[in-house]
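**Student:** here you go, sequence then predicted model.
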Amino acid sequence: MTVYGLIDCNSFYCSCQRAFEPRLKRLPVVVLSNNDGCAIARTKEAKNLGIKMGEPWHLVREQRKLAGVQWYSSNYPLYADMSRRVYQVLLEHAPRVEPYSIDEMFLDLTGLPGALTDHCEAMRVAVEQTTKIPTCVGWGPTKAIAKLANYIAKDRPEMEGLCDLTDEHVRNRFYRNLPVSEVWGIGRRLAARLDDTGIRTIAQFVNAPPAHIRKIAAIIGVRLQAELRGESCLQLSEVAAQRQGLACTRSFGRPVTSYSDMSETITGFAMRASEKLRAEKLDTAHVSVFIQTNRHKRDEEWYANQASLTCAPTSDTLALTAISRRLLRTIWKDGFRYAKAGVMLNDLAPAGTQNNLFDRPSEQDGALMEAIDSINHRFGRGTLKPLSAGIERSWKPRQNMLSPQFTTKWQEMMEVQTL
């Protein structure tokens, strides 16, 4: 029997902070969104204090009951690198690993020797020993069941972080009591439509006629129903699906009012987007730039605009920054206080794809980009960049509670002192 697993890192962003600061182990920890706006990750201790997901920091930070909460600005380079480390550990315990998100990964557990419970527990221990990140693991004969098993392992302390749903009788016991909204792929709207027809539990969803499910949820619903019955419809991907688009956007720490500042901003976004393209060996043939003011500032006039351009496929930083600045010029208006901007790349294709007989990739440009990427990888992002990206970025997001990038910056790595 084919067996899929799903391992999920508990309160991942908060656990990354705890990994390098043992003093946080039993303290309530909250990680905030860009610009230190609202809570996007909370430890169990923080949840017990009543801090809700998405709660604005400026509304709760002065509450007396939250005096002991440890607040952190989001540190995405750290979280991405810790996710990579978790992935590397899992490769030693499963023949195939498919990252689903930064903190969740599907596993192929088919045919592993010994009891799966022992193997999954050993995997959890190895991840925590190596990365200091606690996890939960669920497994079953399909990916949808594995996802549900992971939810149960995480939601019920008596499961001790492990849930086996390979047995149909065990699954059916859970199906009778769990709401259909807990099924992977059934969102709020679909759950409401199912509820209108009397389908409220997973058991009712599984036992409904497939034709009835198809009327409500189309072919996706039928596949989910089959998955929950133990029929695998969603295979583990050997290779991640190619991106269809890529974006670099930010909300600003303070309003941007000058064209020169915005030009530097857009150049920086285009530069970062081109680096991502090259890392994934992709080219783009369509570039968009947008700018907007803060729609929530009722005392200020609202303005938002976007411009796009189709171009020859490229991942060259100099080409993309030039295109982005040209697009910005067409939509810029003086007199506004801009709160957000971004560069979006679409029509992606494998690098080197030639769409036009007369388009010839420049070997010199490719060598230059390779040299820049190599230097920035070795000495830190932004070591080499176009001058048009600026020297200091006064517009950067607020990160007043940012922790060190313990694993991605030499100057911020922890030092071991010998006695």
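**Tutor:** Perfect, thanks for sending it. Just so you know, these numbers come straight off a predicted model, no measurement behind them. Numbering: from 1, shown residues only.

**Student:** how about residue 281, nearest residue that isn't a chain neighbour?
**Tutor:** For residue 281, ignoring the flanking residues on the chain, the nearest one in space by CB to CB, 6 or more residues apart in numbering is residue 351 at 4.7 Å. For glycine as for every other residue, the C-beta is placed from the backbone atoms N, C-alpha and C.

**Student:** from the chain's centre, how far out does stretch 322-340 sit?
**Tutor:** 28 Å (CA atoms, centre = their mean, to the nearest Å).

**Student:** quick check: buried residues in that stretch?
**Tutor:** For stretch 322-340, a neighbour-count test (16 or more other CB atoms under 10 Å) marks 323, 324, 325, 327, 328, 332, 336, 338, 339, 340 as buried.

**Student:** how long is it end to end?
**Tutor:** Using CA to CA, to the nearest Å, the end-to-end distance of stretch 322-340 comes out at 20 Å.

**Student:** helix, strand, or coil at residue 310?
**Tutor:** For residue 310, the assignment made with DSSP: H, G, I helix; E, B strand; the rest coil gives strand.

**Student:** distance-wise, check it relative to residue 269.
**Tutor:** Distance of residue 310 to residue 269, given as CB to CB, to the nearest Å: 19 Å.

**Student:** of those two, who's got more company?
**Tutor:** residue 269 (23 against 10; other CB atoms under 10 Å).

**Student:** would you tell me which helix is longest in this protein?
**Tutor:** Secondary structure of the chain per DSSP state H: the longest helix is helix 259-279.

**Student:** so where's this structure uncertain?
**Tutor:** Across the chain, the ranges flagged by pLDDT under 70 are 237-243, 353-365, 379-385, 387-398, 419.

**Student:** for it, which segments count as strands?
**Tutor:** For the chain, the strands defined by DSSP state E cover 4-9, 29-32, 39-42, 70-73, 97-101, 104-108, 135-140, 162-164, 245-256, 282-293, 304-314, 338-350.

**Student:** need the contact list for the most centrally placed residue in the chain.
**Tutor:** Residue closest to the average C-alpha location in the chain (CA atoms, centre = their mean): residue 102, at 5.0 Å. Shown in contact with residue 102 (CB atoms under 8 Å, 6 or more residues apart in numbering): 12, 79, 80, 83.

**Student:** backbone phi and psi for it, please?
**Tutor:** Phi and psi for residue 102, reported as degrees, to the nearest 10, are phi -60, psi -20.

**Student:** quickly list what the nearest residue to residue 249 once chain neighbours are set aside is bridged to.
**Tutor:** Excluding the flanking residues, the one nearest residue 249 by CB to CB, 6+ apart is residue 342, at 3.0 Å. On DSSP bridges, the residues paired with residue 342 through beta bridges are residue 249, residue 290.

**Student:** how close does residue 342 sit to residue 156?
**Tutor:** Distance, residue 342 to residue 156, using CB to CB: 41 Å.

**Student:** out of the two, which sits in the more crowded spot?
**Tutor:** Taking other CB under 10 Å, residue 342 and residue 156 do not tie; residue 342 has more neighbours (19 against 13).

**Student:** my guess is residue 39 contacts residue 51, does it?
**Tutor:** Yes: the pair residue 39 / residue 51 is scored as a contact, 5.7 Å apart, by CB atoms under 8 Å.

**Student:** could you export the buried residues of stretch 322-340 as TSV, including distance to residue 87?
**Tutor:** Putting these into TSV (distance: CB to CB, whole Å) gives the following:
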residue	distance to residue 87
323	34
324	32
325	37
327	36
328	37
332	42
336	43
338	37
339	35
340	32
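
**Student:** nearest to residue 250, of those?
**Tutor:** Within the buried residues of stretch 322-340, the smallest distance to residue 250 is 6.8 Å, found for residue 340 (CB to CB).

**Student:** please name the nearest non-neighbouring residue to that closest one.
**Tutor:** That would be residue 251: by CB to CB, 6+ apart, it lies 4.8 Å from residue 340.

**Student:** list the contacts of that neighbour.
**Tutor:** The contact partners of residue 251, by CB under 8 Å, 6+ apart, come to 34, 35, 37, 339, 340, 397.
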